[in-house]
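Trainee: Sequence plus predicted model, see below.
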Amino acid sequence: MDTTVTVFKGFVYLVGFGSILFLTYITTRFLGTRMNKASKGKYLSIVDTVTLGMNKQLYLVKAGNQFILMASSGKNLEFIKEIKLDELDMEMDAETNNTFDFKAIFDKYFQNFKNKKNDNNDEPNSNMEASRFKGNLQRLKILSSKFGKPVEDYGDDNINEK
């Protein structure tokens, strides 16, 4: 009798946890679509964004029938230039770019993970990197010898001493 109650409690906890996860998923989907619709303007939209570094972005903004290139850095927003673009191509691209495709992002990162795992197993790749390092080191020695210090003063290739 005691084991039956324990199994039943475990089943109830599992169903409860699953229902909480399901409700969280539904709520997130609902709020995400609402926020996506609320963030779109009737006459203004951001067509494309390019990140240039920390707190530095370029924005291509569609305002009515005009396309404007703007730069953002920190708290500053600057007008750069008005751009003439084919409106039909931009509308087609904007429709495809506004959808969030989680599967494509997951596949991209999963593919990168698989490639890194395969690269770690490849021996020839590490040998190639070692030979590239030695070649770069030799070029550095030659360049620095042109500035007055002879190559012989740099020490042995195998140790880091004179």
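Mentor: Looks like it arrived, so ask away. What you see is a predicted model, and the numbers here were worked out from it, not measured in a lab.
Trainee: May I see the buried residues of the longest strand seen in the chain?
Mentor: When the chain is parsed with DSSP state E, its longest strand is strand 44-53. The neighbour-count check on strand 44-53 (16 or more other Cβ atoms under 10 Å) flags 46-47 as buried. The C-beta positions use only the backbone N, C-alpha and C, and glycine is treated the same way.
Trainee: Which neighbouring elements make contact with that strand?
Mentor: strand 56-63, helix 87-97 (3 or more Cβ pairs under 8 Å, 6 or more residues apart in numbering; DSSP states H and E).
Trainee: buried stuff in the first one?
Mentor: Looking back up the chat, that one is strand 56-63. For strand 56-63, by 16+ other Cβ under 10 Å, it's 59-62.
Trainee: Quick one: neighbours of Arg34, just the number.
Mentor: 10 (other Cβ atoms under 10 Å).
Trainee: all strands for this structure, in order.
Mentor: All strands of the chain, identified by DSSP E, fall at 44-53, 56-63, 66-73, 76-83.
Trainee: among those, which is nearest Gly16?
Mentor: The closest approach between Gly16 and any of these, judged by Cβ to Cβ, belongs to strand 44-53 at 41.3 Å.
Trainee: what angle do that closest one and strand 66-73 make?
Mentor: 40 degrees (axes from the mean of the first three to the mean of the last three Cα atoms, to 10 degrees).
Trainee: Name the strands paired with strand 44-53 and say parallel or antiparallel.
Mentor: strand 56-63 (antiparallel) (DSSP bridges).
Trainee: what's the partner strand in contact with?
Mentor: Strand 56-63 is contacted by residues 43-52, 67-73, 80, 83, 90, 94 when judged by Cβ atoms under 8 Å, 6 or more residues apart in numbering.
Trainee: how much does it deviate in direction from strand 76-83?
Mentor: Using the same axes, to 10 degrees: strand 56-63 against strand 76-83 is 50 degrees.
Trainee: what's the spacing between the residue lying closest to Ser45 once chain neighbours are set aside and Glu129?
Mentor: Once flanking residues are discounted, Ser45 sits nearest to Lys62: 5.1 Å by Cβ to Cβ, 6 or more residues apart in numbering. Applying Cβ to Cβ, to the nearest Å, the value for Lys62 to Glu129 is 46 Å.
Trainee: Just to check, Leu69 is in contact with Lys84?
Mentor: No - the pair Leu69 / Lys84 is not scored as a contact, 11.2 Å apart, by Cβ atoms under 8 Å.
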